[in-house]
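J.: this is the structure alone, sequence omitted:
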Ligand code: PMP
């Protein structure tokens, strides 16, 4: 077996044990004589798959009973519209914090349905920090407040959550769900595309407090109404069966490996190895303010575009793949999701040291 260290921001690395399990079960799932891809979503086998995926996610994230878990399609980008369609219905106002391209897209989408107040933004410094939450002035009759907990492109993470009293907090957790502990009761709704810490692209997870269901704006299409999916347990139409199955395998892998507490510890170790190296290096520099640093996506630069390109090219040749940064930040970005072993981060640092010695 030949595997590389894949630092892609998403679709991203998956645990080898999960891929091997899927491979073993590919053509004959549990004696059914068919693959999960070929199976009716109404079959008892698939029903077991979706039920265990939900139960395992509930126990991993300690999701209380008064929250629904939905397995949807359309990616996190569809949530940019579903959130305002379903929740911006009372006062037609919502508060957003702008911490980068994804929150900007969420803002632009919400502006189609009501008044958006951008409470804070880090655009002035190319989104290299999370704005202070101390000075936030929430709109008193806001229907919700929206944040992006981890900003995949810029490598920032909210070090704490805004406390908006009774106003529901909505979080796009696409790039750091399952990577650290969160108290679910602090949120009204959490959504995440799968292709980073959950599984393959194609399923989007929504965790929603029950009282927020059933208030959609009149013109909301049925498929975009949380009530539709909640009432039919994510089976209103054909769900993304195979990605749900794969997500279920990832949840089992997480449970077998100590759950989120163990994962968070490992993620903190991996991230500090790389940040400590960046802080000491005379060639490479992190691009994010220290107290806003992500545990999942770590952008860095040399300050010289030609050197950055050479680094990316030579890293590729050394099996350290997909390290090119997003075009809006430039340089490099190492995405080190749950499935990235510590050895991958160590191999990257060893290569960076070697590159620095040769090129300085
Ligand atoms: N939000 C964040 C934080 C992201 O990183 C991404 C990209 N994966 C998206 C939203 C958009 O996700 P999708 O491609 O699933 O629509």
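T.: Nice, thanks for sending it over. Keep in mind it's a predicted model, so treat the numbers as computed, not measured. Numbering: from 1, shown residues only.

J.: name the SS class of residue 117, please.
T.: Judged by DSSP: H, G, I helix; E, B strand; the rest coil, the three-state class of residue 117 is strand.

J.: in terms of pLDDT, where does it sit?
T.: With respect to pLDDT, residue 117 scores 98.

J.: again with residue 223
T.: pLDDT, residue 223: 98.

J.: quick one, what contacts it?
T.: Counting by Cβ atoms under 8 Å, 6 or more residues apart in numbering, residue 223 touches 236, 237. For every residue, glycine as well, the C-beta is placed using N, CA and C.

J.: doesn't it lie inside a helix?
T.: Yes - checked against three-state DSSP, residue 223 lies within a helix.

J.: ok, it to residue 235 distance?
T.: Per Cβ to Cβ, to the nearest Å, residue 223 is found 13 Å from residue 235.

J.: just residue 304 next, same as before
T.: Relative to residue 235, residue 304 is positioned 54 Å away (criterion: Cβ to Cβ).

J.: residue 182 now?
T.: On the measure of Cβ to Cβ, residue 182 and residue 235 end up 27 Å apart.

J.: equivalent analysis for residue 312, please.
T.: Distance, residue 312 to residue 235, by Cβ to Cβ: 44 Å.

J.: for residue 129, same thing?
T.: Per Cβ to Cβ, residue 129 is found 42 Å from residue 235.

J.: which one of the two has more residues nearby?
T.: Ranked by neighbour count (other Cβ atoms under 10 Å), residue 129 and residue 235 place residue 129 first, with 18 against 15.

J.: these two touch, right, the more buried one and residue 286?
T.: No - taking contacts as Cβ atoms under 8 Å, residue 129 lies outside contact range of residue 286: 11.9 Å.

J.: hey, where'd the helices end up in the stretch 1-150 of the chain?
T.: For the stretch 1-150 of the chain, the helices defined by DSSP state H, counting those that start in this stretch occupy 16-24, 44-61, 75-87, 101-110.

J.: now the third one: how far from the chain's centre is it?
T.: Read it as helix 75-87. How far helix 75-87 lies from its chain's middle: 15 Å, per Cα atoms, centre = their mean, to the nearest Å.

J.: can you check the second one too?
T.: Relative to the centre of its chain, helix 44-61 is centred 19 Å away, using Cα atoms, centre = their mean.

J.: got the angle between the lengthiest helix in the chain and helix 44-61?
T.: If you go by DSSP state H, the chain has its longest helix at helix 259-280. Per axes from the mean of the first three to the mean of the last three Cα atoms, to 10 degrees, the angle that helix 259-280 makes with helix 44-61 is 60 degrees.

J.: give me the mean pLDDT for helix 259-280.
T.: Helix 259-280 shows a mean pLDDT of 98.

J.: now for that helix, which elements pack on it?
T.: In terms of contacts (3 or more Cβ pairs under 8 Å, 6 or more residues apart in numbering; DSSP states H and E), helix 259-280 is packed against helix 44-61, strand 285-286, strand 297-301, helix 342-359.

J.: which among these is found nearest to the ligand?
T.: Nearest to the ligand among these is strand 297-301; the distance by Cβ to the nearest ligand atom comes to 8.5 Å.

J.: can that closest one be found next to the ligand?
T.: No - judged by Cβ under 6 Å from any ligand atom, strand 297-301 stays clear of the ligand, getting no closer than 8.5 Å.

J.: before we move on, back to that, so what touches the longest helix of the chain?
T.: With contacts defined as Cβ under 8 Å, 6+ apart, helix 259-280 is touched by 59-61, 178-181, 254, 257, 284-286, 293-296, 298, 300, 334, 336, 338, 340, 342, 345-346, 348-349, 352-353.

J.: for residue 2, give me the pLDDT.
T.: We have a pLDDT of 86 for residue 2.

J.: my bad, residue 295
T.: 98.

J.: from residue 194, how far out is it?
T.: Distance, residue 295 to residue 194, using Cβ to Cβ: 19 Å.

J.: repeat for residue 24
T.: 21 Å.

J.: higher neighbour count, these two?
T.: For the pair residue 24 and residue 194, the greater number of neighbours falls to residue 194 (26 against 10), based on other Cβ under 10 Å.
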